[in-house]
Every structure is written in C-alpha cells, then in structure tokens.
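Chemist: coords below, sequence missing:
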C-alpha cells in the first residue's frame, strides 16, 4: 500500500487546544519583529544619510494633481522601520495577554516595511522618482493570472479535488487564446475561448480523480507536464510553420468614465483591460457564491464530509466533476493574460511557474477567494517592484530584491498564517 | 487529504484460489500482472505521441489532401513519420545500430544511465517525502544549493583526488540538506505548508545562485554572457565508469548505493517505520509515541541531501561547472519519476532509467526526426497518467480485471 500525499494539518492538531483560553502564540510577533529588525539594519545600511527619495503619484488623467513627495531617505527609513518595530512590540504585548491584533496591524506594518524598502531603493536618484501609481497598476496587472489561478484552485479544492494542474490550465488557456485569437484576428475571441482549454484540462483531472480514483496530485503534476509538452510541441511545429497562427494581439485598456480620473485609485483600478474587469466580477461572485449560496454550501459539504453530503442527496462525484471543470475554466481564462491580454504571441512555457505561485496564493489565502485575491496581489506587487527597481537601478543587488517577496511569504506562512487547514476530504476519492 | 486510501482495493475481493498448474492460469497471471499494464501504458503513450507526430508532419498533410485518390501515399508518409520518431527514440536511448564500433553501439544506453542518475537521486528523496505524507516541490532549489556548495569546494579548494571528491560530494549533500531542513523545521515547528515553503525556496535559491555567480569568487572572467563558475578541479570530479568514450560516471553507482540505502532506511530501520507511520496516519503515530516533529524534519533533510546529490551529478559529473541553469528541470521531472516508481527505491531507479532514456533520445529526435524534445514531455506525462490508472489501460487493451489492484499514490 502506498502512502498518499498527506496534509497532517487536516487531521487537526489535538494539542492545539481550541475552545478554552487562546494559547499564547509568539510566532507572529517574533516574525514581525525579525522582519522589522532586518529591515532597520539592512535598509539603514544601504541608505546613505544625505540623500532624498521622491515619490510621484500623479497621472495626467487625474481630477487634481497630488504633488510629488520628497523625503530625506535615511530619516524616512528609520522612522518607518521603527514604526514597524513598535507594531511588533505591540503585538507581543497582545500575545502575552492571549489576544490577537486586528487586521489593521499587519496592514499598517506591511505599508511601513514596503515604504522603507521603496525609500531605500529610490534614495539618491536625482532625476528619477518612485512611480507609486504605476507600481500599483502593474502590481494588479501582474497579479491577474495568479488571482484566476488561485480562484481556480479554491473552487476545485473546496469540493475536495486538489488542483495542482493550475499551471497546465493557465498554459493551455494562453495557448488556445493565442491560437484562436490569431485565427480570428481578434484578441477578445481568444479570451473567450481560453476557458475551454482550461476546462478540458480540468475535465481530465476530474475524470481521473473521480472515475479512476487516481491520486489527484499525481494527475495534476502529470497534466502540467502533458500541457507543457503538447503546447511546446504544437508551438514548435504548427505555429512555427504558420506564423499567422500565433500573432501578438492586443486588448485595449478601457477607461471607466469618472472613476478612472480619481487620483491613484483611478489609474490603478479603472484604467485596465477587459480581463481585469472580469477578474473583479469573478472574485466577488466566487466569494458570494461559495459562502452565501446553496451551491456553495453543497460544494463545501462535499469537500469537507462527502459521506454526509451524499446522505442528504448531494451527488458527490458530479459536484466534484463540475467544480473541477469550472475551476479549470477560470484558470484557463487567467491563461489569456499571458497572450492576448498582454499583447504577446504564445511562447514556450510562458506561464513559467505562475501556476505554482497561484497555488501558494490559494493556501496563503486560506482557500477563500478574498484571501486568494490579497495573497495574489502581494505576489503581483513583488513582481512589479522588481521590475520597477530594475528600471531605476538600485544599490541593493536586484537578486535580493527579487527574493524578498518569497522570503516574506515564507515568514508570513510560518509566523502569521501558521496551520492552514485544507478542506478535509481533499485528495480522497469518494466511493459508495 | 490525509487518509490512507485503503478503500482503493476492492473491499470484497475473493480469496484467490490455490494456484493450479495449467496454461489458462499462467495466461491469467500474465494479463493481470501490473508489469503488463506498465508495458501497455508505455505502448499507449508511444502510440499517442506517434499520432501527434503524424498530425503535424508536412508530408502526411500533403498526402492527406489527395487521400482518396492515392491512400497508399498517405499511409506511407504516416509510416515514415512514425518510423523516424520511434527509430530516433530507440537509437538515442537504447542502442545505435548504425554505428560501426561496439562503443558507438552501446553509447546511447550509457547516455540513458547518465541522464537517469540525477533523476534517481532526486526521485529517491521525493519518494521518502511522499511516503511520509509530504509533497516536496523543492528538489530544484535543494539541488541548486547543493550543487553550489559542491562546486565551490570543487573549484576553490586544492586537495588530492579521493578526498577532494568525497568532500565535494558531501558539500552537495550538506547544501541540499540545509535547503531541505528549512521547510522541514518550519513545517514541524510552525505548521507552515511545505508546498508553499518549498516553492518559495526554489525561487530564493535561483536568485541566490544568480547573485553568487555575479561575485568575483564565482566568476571565470568579466567578459562572458552566460554566468558560469570556474571548472571543478579534476580531483573533485566523478571518475568515468567506462573510460573516456562514455560520459557515464561513478555518480551512477553512488545513486544505486543510495537507492539501496533508502530501501534499507524505509523497510528495515526504526526510523523508516516511523516515517511510514507518520505518513499513513500522523495522529496514530503521535499517539503511539512517535515524534512526528522529528520525522518531518528528518525526512525533509534527507530528501534535501539526496536532491543535493542530484546536483553533484552535474557539477562534479557531466557539466563540471555551476551555472544558473544547473539541473534544468530535474527537480520537477523527479516528481514524476518518484510517482511513477510508486515512491519505492527499486521503482524509482527503473522509472528514472525510463525517463533518462527518453531524455537521452532528445538530441537524436532533433537531428533524425526534426522534432524538439517537447514530444518527450508528452510521452513522459502519458506514461505516468496511464500507469496511474490501470483500469483505463485495461479498458483500452481489453485486459481482464485482476483480483487485486495496486494503487499509485503520491
């Protein structure tokens, strides 16, 4: 008998004593404190004392112009990291009193640390400033495939099917969007068919998981490889023989009237292309459907306790099949980001591991659409930051900037999220 | 996702009757064996890959245009396309019958074994993780960090032959072990999900290696496009196993030794029992007085060390230097190898040789059949997919359903 991939968290930890007094947990405060200290020492070291950092916020389309903000670099870094340090101390005080801080604390803390990082990066650049608004804009844009991927994972896993195949679904969506979009000469048609490719991958996953009871992680990993091979094969044969089957198409960004003129918020949220607007709708609809509708209740029941769900007449395997196909379609739509929504032609392995990051975002977001959105935005921000700092140049080696988000994720997962609990019936085939 | 899928075996399987010695029973044994399923799965994967090649082959497409006029042309073109692929795979992975010398004839198979070596190492490590109930995606990062440390010892230190090699190998193992220890201890102490942590550590390792390669200590000279470390000293390289004509090195033997070691660890040692118990049911293992914390940390560390050894086959074996692309996709390929080998050492070795063969056939496919190695990914994926679902293969080839079914699980 071989052992399945086990998530021992799902077994619940008997010693973690819920119910009575909340146990003192110092992991969070320690993680916060360590990051703040590292930031204080590390960033303080890299920032020279007599330089200034300029942040600019304005875009031409704004109602009114927010003036550029110029601060003395070292002073700002010290103030911001000390604020972060104080917040860590405060959370330590709360922890000794068996209390947990509200959501504001990590948010303010994160803003302080990121502000300090940006200040250091922009220090002493006389002619360039930190383009804060475009930083946020590209953060959201780069987060698009991650959000769709994480949503896809959430939809599947809530019904008890582990979806490691997000990577393959993204890639398949990207491929079909480019192919059909090029054939039709229209990016939007490409975007519309992209979900079909993802759904097809999801369908294979679902059939193997519910009909043949194959370990879902095995199928997921293998499907990623299969899609990588198939898309690469057709890219190198059919598409390279007929370049008109793989053109770079573009989706214009659509400005929402009035809203797009609000400073900062407007350019970030309301001057994006159609795929991003669909993203907003998808996140909201999934969040509401999953937690407020009868459908969502059934899906979660199937994912947590399929036998009970079956007893009250819910078709377990049919629910799982539908959810996995739906999830695959969502991820496939996200795949359109890489080709038609970014104005690029298809390239070999162009999802480049984003599906695995989306998987991490889903777990970091604790299997909820809202959490997935926040986590994906975090990764998107990190990506955008790396790009922007690469443009303005920085004293910190770019490799270290690039690894910051990944380090932050590890610390977040270890210190703040802790034991995340997957749906209980994940990766267990249901048989009557 | 925690229960042992005990229910995978049909619950009311009748007791097998006492074996009778007749041809019918013998035949039944053959068609029910999982060996046949494996063979059929490989066959099916090759057939589907062949279909793909036929679809995109220009000669076949041309012949298809006048299919009804001269169907023979179509079938001939299709057969030519198929033959070029299958013969390329065979000649690239098994033996090259075109070669006039004996060395040239068997060279492909030694290439297969060379390619299989890192897959064996990494697959063994991942297999231990799977059996302990942990999904380790971090072999790539562990491999890179191990390769970095080993390569540094290899080119920076000046030592006599056996000692230098041993230290460099140990360096690879230690580097990988450190990178495996991190997710292990985080999982054990804070509950951080190993999937997230290992994914993140892969990216951190990539960036770390890219940064190290930009340092003077790791540079050969300033004018070079691809970052690459100095060559590892000869005294720290794996000696060649079959002489200078072949790339096969002693790393392969070390891999086999490690496979035996892992088998002993998992099947014969107390620790192995605890690892399997923790994987099967962590709560029960804890109740029985085993330390799941300890096994979690140990499993990830051992897996990391083995992935680091996989890195050694590149920096001390085939490539002899560290680049930011060291290891290629071995970290991920090893996942499929471990899954195909059902997380068992022997299975992993054979799965690695199968996949190593497919990869060794890549260059031949390119030159003889003008195909990129992508088709190899397709074949690999299909093989695992079919082997994972024996009922599907049985349905495809109309094989009878056996009384006992083995299950592939991660």
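Modeler: Yes, it's here. Keep in mind that this is a model prediction, so the values were computed, not measured.

Chemist: Got the confidence number for the residue nearest to the spatial centre of chain A?
Modeler: Nearest to the mean C-alpha position of chain A, counting by CA atoms, centre = their mean, stands residue A:376 at 1.9 Å. At residue A:376, the model reports a pLDDT of 91.

Chemist: Kindly report the same for residue B:119.
Modeler: pLDDT at residue B:119 comes out at 96.

Chemist: Same question for residue A:10.
Modeler: In this model, residue A:10 carries a pLDDT of 41.

Chemist: anything in stretch A:46-53 near chain B?
Modeler: No: Stretch A:46-53 lies out of reach of chain B by CB under 8 Å from any CB of the partner chain, never closer than 14.8 Å. Where C-beta positions appear, they are placed from N, C-alpha and C, glycine not excepted.

Chemist: that older thread, give me every residue that touches the residue nearest to the centre of chain A.
Modeler: A:143, A:146, A:147, A:149, A:150, A:358, A:361, A:365 (CB atoms under 8 Å, 6 or more residues apart in numbering or on different chains).

Chemist: Narrow those to those in helices?
Modeler: Among the contacts of residue A:376, the members falling in helices (DSSP state H) are A:143, A:146, A:147, A:149, A:150, A:358, A:361.

Chemist: Just the buried ones out of the residues you listed, please.
Modeler: A:143, A:146, A:147, A:149, A:150, A:358, A:361 (16 or more other CB atoms under 10 Å in any protein chain shown).

Chemist: And for residue 399, the neighbour number?
Modeler: No chain was given, so I picked chain A. Residues contacting residue A:399 under the criterion other CB atoms under 10 Å in any protein chain shown number 18.

Chemist: other chain: chain B
Modeler: Using other CB under 10 Å: residue B:399 sits among 18 other residues.

Chemist: Name the secondary structure element that contains it.
Modeler: Assessed by DSSP states H and E, residue B:399 sits outside every helix and strand.

Chemist: Low-confidence bits of chain A, can you list those?
Modeler: Along chain A, the model assigns pLDDT under 70 to residues A:1-24, A:60-61, A:124-127, A:393-396, A:415-420.

Chemist: mind giving me the domain split of it?
Modeler: A:23-128, A:136-376 (automatic domain parsing).

Chemist: right, so the ones you listed: which one is the most enclosed?
Modeler: domain A:136-376 (a mean of 23; mean count of other CB atoms under 10 Å in any protein chain shown).

Chemist: List the residues that contact residue 357.
Modeler: With no chain named, the answer covers chain A. A:146, A:149, A:379, B:199.

Chemist: that's the other chain; I wanted chain B
Modeler: So residue B:357 contacts B:93, B:94, B:109, B:112, B:115, B:116 (CB under 8 Å, 6+ apart).

Chemist: 7 Å instead?
Modeler: Contacts of residue B:357 were listed using CB atoms under 7 Å, 6 or more residues apart in numbering or on different chains, and they are B:93, B:94, B:112.

Chemist: Report how many residues lie close to the last one.
Modeler: Read it as residue B:112. Residue B:112 has 23 nearby residues by other CB under 10 Å.

Chemist: Tell me the helix or strand right after the helix or strand hosting it.
Modeler: For residue B:112, the host element (DSSP H and E) is helix B:102-131. Where DSSP H and E defines the elements, the next helix or strand beyond helix B:102-131 is helix B:139-156.

Chemist: and the helix or strand following that next one, anywhere near chain A?
Modeler: Going down the chain from helix B:139-156, the next helix or strand is helix B:161-190, by DSSP H and E. Yes: residues of helix B:161-190 contacting chain A under CB under 7 Å from any CB of the partner chain: B:186, B:190.

Chemist: buried stuff in helix B:161-190?
Modeler: Those would be B:164-165, B:167-188, B:190, for helix B:161-190 by 16+ other CB under 10 Å.

Chemist: what is the orientation angle of that helix with helix B:102-131?
Modeler: 30 degrees (axes from the mean of the first three to the mean of the last three CA atoms, to 10 degrees).

Chemist: gap between helix B:161-190 and the chain center?
Modeler: 20 Å (CA atoms, centre = their mean, to the nearest Å).

Chemist: Just the buried residues of the helix or strand just after that helix, please?
Modeler: Per DSSP H and E, the first helix or strand lying C-terminal to helix B:161-190 is helix B:194-214. The neighbour-count check on helix B:194-214 (16+ other CB under 10 Å) flags B:194-213 as buried.

Chemist: can you state the direction angle for helix B:194-214 and helix B:102-131?
Modeler: Using the same axes, to 10 degrees: helix B:194-214 against helix B:102-131 is 130 degrees.

Chemist: got the contact list for the residue of the stretch 251-400 of chain A found nearest chain B?
Modeler: With CB to the nearest CB as the measure, residue A:399 is the residue of the stretch 251-400 of chain A nearest to chain B, at 3.8 Å. With contact taken as CB under 7 Å, 6+ apart, residue A:399 is in contact with B:207, B:210, B:211.

Chemist: Next: residue A:326.
Modeler: Contacts of residue A:326 by CB under 7 Å, 6+ apart are residue A:155.

Chemist: give me the element it is part of.
Modeler: Under the assignment here (DSSP H and E), residue A:326 is part of helix A:316-335.

Chemist: what's the answer for residue A:139, then?
Modeler: Going by DSSP H and E, residue A:139 is in helix A:132-158.

Chemist: wait, doesn't residue B:146 sit right on residue B:307?
Modeler: Yes: the pair residue B:146 and residue B:307 qualifies as a contact (CB atoms under 7 Å) at a distance of 6.5 Å.

Chemist: Now do the residue of the stretch 301-410 of chain B found nearest chain A against residue A:331, distance only.
Modeler: Closest contact between the stretch 301-410 of chain B and chain A, by CB to the nearest CB, is at residue B:377 (2.9 Å). Noted for residue B:377: a distance of 19 Å to residue A:331, by CB to CB, to the nearest Å.

Chemist: Who are the contact partners of residue 242?
Modeler: In the absence of a named chain, this looks at chain A. Applying CB under 7 Å, 6+ apart, no residues qualify as near residue A:242.

Chemist: oops, chain B please
Modeler: Neighbouring residues of residue B:242 by CB under 7 Å, 6+ apart: B:110, B:248.

Chemist: tell me the angle the helix or strand residue B:259 falls within makes with helix B:161-190.
Modeler: Following DSSP H and E, one finds residue B:259 within helix B:251-268. For helix B:251-268 against helix B:161-190, the angle by the same axes, to 10 degrees is 40 degrees.

Chemist: And helix B:251-268, what's buried?
Modeler: For helix B:251-268, by 16+ other CB under 10 Å, it's B:251, B:252, B:254, B:255, B:258, B:259, B:262, B:263, B:265, B:266.

Chemist: just checking, what packs against whichever strand or helix holds residue A:86?
Modeler: Using DSSP H and E, residue A:86 maps to helix A:73-96. Using 3 or more CB pairs under 7 Å, 6 or more residues apart in numbering or on different chains; DSSP states H and E as the contact test, the elements touching helix A:73-96 are helix A:27-46, strand A:52-56, helix A:104-122.

Chemist: what about whatever residue of the stretch 1-150 of chain B ends up closest to chain A, distance to residue A:112?
Modeler: Closest to chain A within the stretch 1-150 of chain B is residue B:133: 2.8 Å, counting by CB to the nearest CB. To residue A:112, residue B:133 is 39 Å away according to CB to CB.
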